[in-house]
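>>> Predicted coordinates and the sequence they were generated for:
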Amino acid sequence: MSESATNRPYKGPESYQVEDAELFFGRDLEAERLTSAVLSARLSLLHAPSGAGKTSLINARLIPNLEARGWLPIRVVPQDNPIEAVRIATLEVVAPPPATELIVLERALKALGGGDPSLAELLGRYDHFDVRAGRRALIAPVDSPVIASASALPTFGKVTPYIARLLRRTIEIGAFAEHITATIPGAGALPIDGSTRCSDLGALLGEPAALLAFSELLSRLYVPVPGLRPFFENLLAVFATWNRRFAVALILDQFEELFTRFVDITPVRRTNVDNLPDWRLRPAFFRELETIYLPGDEDLGSTVVRLPIRCVISMREEYIAQLEPIQAFAPELDARSYHLGFLDLAAAKAAIQEPAKRFGYSHSDDCYTTIIRGLARYKQFVEPAHLQIICDRLWVALGSDLAAEAQVGEGALADGGPLIRTDTLETLGGVQGILQSYLGRLLAELSSEGRLQALDLLDLLITSSGRRNIVERRNLTDAPFRDAEQRDALLTLLAKRSVVRTEWRLGGYFVEITHEFLIDPIRAEIARAIQTDPDHYRLRATLQALDRYNSIDFRDPRERLLPAEELELLNKARDLVSWTPWAVELVLRSALESGAQGPVLKWWAKKYESFGETPSDDLVTVKSDGSRPRQSVFSRDELKQLAREQPRQLPAPQLEAILRSCLITGLREDRPDIRDWTRRFASHGS
């Protein structure tokens, strides 16, 4: 979470995280019911329409609730390998590296007054730290350092250390002490309780022996077997020696990705499938879930025991029908399901008013009423993401100034505190104006080329069916014919503005659009750009043409080169594309084939030479199929004569004719002459 995000009362289109729990309102009843549902069944289902806030409910309520009840909740998204994703996410939660504990401890000490307080004193300081000062930043996940050089050990992304859980009071000091004692050798020599000095705890966490012991522990936990049941059996065997209450709640979020991304592409040829994972991992994952779900001894023999695991599947409701493979081994899943709807009007009011109060301001009754009237569906329900965007926009426009002036006592709005009124909302275009302009405001800040590239990036993050796609970041930045540095900067900006999110998953960074509601505005912006911006149309059509030829051996005389209309398009878009040698060769071949003249042919010849390239053997013999040369083509005998005489000061048209003739009729032995004529034509002054 960025520093600016931790100092804002609303999340915009982003999901709430665990550290945002104190500002998450309107879902208390749903949270208690969901928690009870998860703990009462070995496998349960949370389903909701897109935009209802499933992930926010999981992060800000379900995970803290389960932690407070002694469980280890592990949220997992399928990623490109759901089985491995479960293993890695489990290790990140169960065994965060000691170095990350030290990072959080030092971060908290620095923000909370320094010195050398006891552990209990540090917790008390955190409790009284103003949320407006960035209290959430102190318990946010941290980047995990490199654990070991051994390739067999996994690489972690961001982790939430136990001391962060201690600060937010979802575990007790005793549980924290139990974890430290179990994972760091010699920790038993330092009794960890409320009186433990932070300096002594920091010294223990920073010892080199702590990292060595952690690497050894990880080697024991990350067993070299692919199955989930052996993995969890081993995990239980290791941790149960220290904690007999050890129990895991496996939260499988965004489960619909198993059906939207893990698809069999073999029956029908499809384009842009490089980023799709192996569809066979889906049934394999279902089989692994079945092994975790196995019932007790009475049905399957004395060697099978129940694992202390609760599993909850969280997914969009329209994909429930595809859960048949899971219902085959868990037929009671229907009875163990919980439906999450949109916010009712009372919950929406709490979600609007309560975070603002924590920051020292509020919304007038007429402003609140106007927001609800503009957002309510059927006059009953409100989509949480829409509400968050409206309130965050009001915060930026006026709320932050009011919060800076407000006097807050006991974490709530003081009497007579400042208000945001309806006129501020109307100045911003009202509810619909804010929603419609959210993406447009961002794109308007970019240069013309920046908008082109941003829309191209966002287009790749939407599936053909109009759903969110998830793509590895380097596949977006290093896409063919795009400027990688520019696209990397754009992705960073889009993430900062909550349009996309980037997460570390299975050894790589993956990108997705933050929320489904952004898809329609994105597609509308793309359609508008295609219709009104010639450069956008040219770039889009050019990239499509080049992508199409990327899978074609255009050097084969039997293949068709670029037709005249596409050649003209590429020539007009040539400054918008990051060219590669083969793409320039494609255009140069096509230009020669179509009889392009003068400056056009010269530009592509010069571009081709700039790569240090000379025409390939195939390019030299492009017309070796016996077809009749063009009227303006010199014969080979004439070309040999010209090469011997090496005439200087030739006019551009004749140089063009010579080069065209070389490329059409030349043979392998003519390559030095071709190189010379290419250089002379490209450097001609006319």
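Cool, the structure landed.
>>> Tell me where the stretch 251-400 of the chain has strands.
309-316, 337-339, 343-344, 362-363, 381-382 (DSSP state E, counting those that start in this stretch).
>>> hey, least reliable of these by pLDDT?
Among those, strand 381-382 carries the lowest mean pLDDT, at a mean of 90.
>>> Nearest to G53 among the strands of the stretch 251-400 of the chain would be which one?
strand 343-344 (7.9 Å; CB to CB). C-beta coordinates here come from the backbone N, C-alpha and C atoms, glycine included.
>>> and the closest one, which strands flank it?
strand 381-382 (antiparallel) (DSSP bridges).
>>> Let me see the contact set for E172.
Counting by CB atoms under 8 Å, 6 or more residues apart in numbering, E172 touches L166.
>>> Now mean neighbour count and distance to A495 too, for the strands of the stretch 251-400 of the chain, in CSV please.
Listed next are those as CSV, based on neighbours: other CB atoms under 10 Å; distance: least, CB to CB, whole Å:
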stretch, mean neighbour count, distance to A495
strand 309-316, 23, 23
strand 337-339, 16, 31
strand 343-344, 20, 26
strand 362-363, 22, 28
strand 381-382, 20, 26
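>>> possible to save these as CSV with distance to R523?
Shown next, in CSV, are the strands of the stretch 251-400 of the chain (distance: least, CB to CB, whole Å):
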stretch, distance to R523
strand 309-316, 19
strand 337-339, 28
strand 343-344, 26
strand 362-363, 32
strand 381-382, 23
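>>> Which one of those strands lies nearest to E565?
Of all the strands of the stretch 251-400 of the chain, strand 309-316 comes closest under CB to CB, at 41.9 Å.
>>> Packing partners of that closest one?
helix 28-39, strand 43-48, helix 54-57, strand 248-252, helix 281-293 (3 or more CB pairs under 8 Å, 6 or more residues apart in numbering; DSSP states H and E).
>>> Touching that strand from outside, list them.
37-39, 41-50, 54-55, 58, 71, 232, 247-256, 289, 292-293, 323, 326.
>>> Let me know the pLDDT of P480.
So, for P480, pLDDT stands at 79.
>>> what's the distance between it and L562?
16 Å (CB to CB, to the nearest Å).
>>> contacting residues around F231?
R87, T90, V223, V225.
>>> separation between the closest residue to the last one other than its chain neighbours and P73?
Meaning V225. Take V225 and drop its neighbours on the chain: the residue closest to it by CB to CB, 6 or more residues apart in numbering is F231, 6.8 Å away. Going from F231 to P73 by CB to CB gives 17 Å.
>>> now do K158
16 Å.
>>> higher neighbour count, the two?
It is P73, of K158 and P73, that has more neighbours when counted by other CB atoms under 10 Å, with 23 against 15.
>>> The more buried one falls within a strand, correct?
Yes: P73: assigned to a strand according to DSSP: H, G, I helix; E, B strand; the rest coil.
>>> OK, contacts around it?
For P73, the contacting residues are L62, I63, L66, E67, V93, V248, A249, I251, by CB under 8 Å, 6+ apart.
>>> Pipe the residues you listed into a markdown table and attach distance to E121 per row.
Formatted as a markdown table, those follow (distance: CB to CB, whole Å):
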| residue | distance to E121 |
| --- | --- |
| L62 | 31 |
| I63 | 27 |
| L66 | 28 |
| E67 | 23 |
| V93 | 27 |
| V248 | 32 |
| A249 | 32 |
| I251 | 34 |
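>>> would you turn those into a markdown table with pLDDT and neighbour count?
Converted to a markdown table, the contacts of P73 look like this (pLDDT from 0 to 100; neighbours: other CB atoms under 10 Å):
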| residue | pLDDT | neighbour count |
| --- | --- | --- |
| L62 | 97 | 27 |
| I63 | 97 | 26 |
| L66 | 96 | 24 |
| E67 | 95 | 21 |
| V93 | 94 | 21 |
| V248 | 93 | 23 |
| A249 | 96 | 24 |
| I251 | 98 | 25 |
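>>> nearest to A177, of these?
Closest to A177, out of all of the contacts of P73 and judged by CB to CB, is E67, at 16.0 Å.
>>> Which residue ranges of the stretch 401-550 of the chain form strands?
408-409, 412-413, 419-420, 470-472, 500-505, 508-513.
>>> quick one, which of those is nearest to D637?
Short answer: strand 470-472, nearest of these by CB to CB, at 55.1 Å.
>>> Which strands border the closest one, and is each parallel or antiparallel?
With DSSP bridges as the test, strand 470-472 pairs up with strand 508-513 (antiparallel).
>>> how about the strand it pairs with: buried residues?
By 16 or more other CB atoms under 10 Å, the buried positions in strand 508-513 come out as F510, V511, E512, I513.
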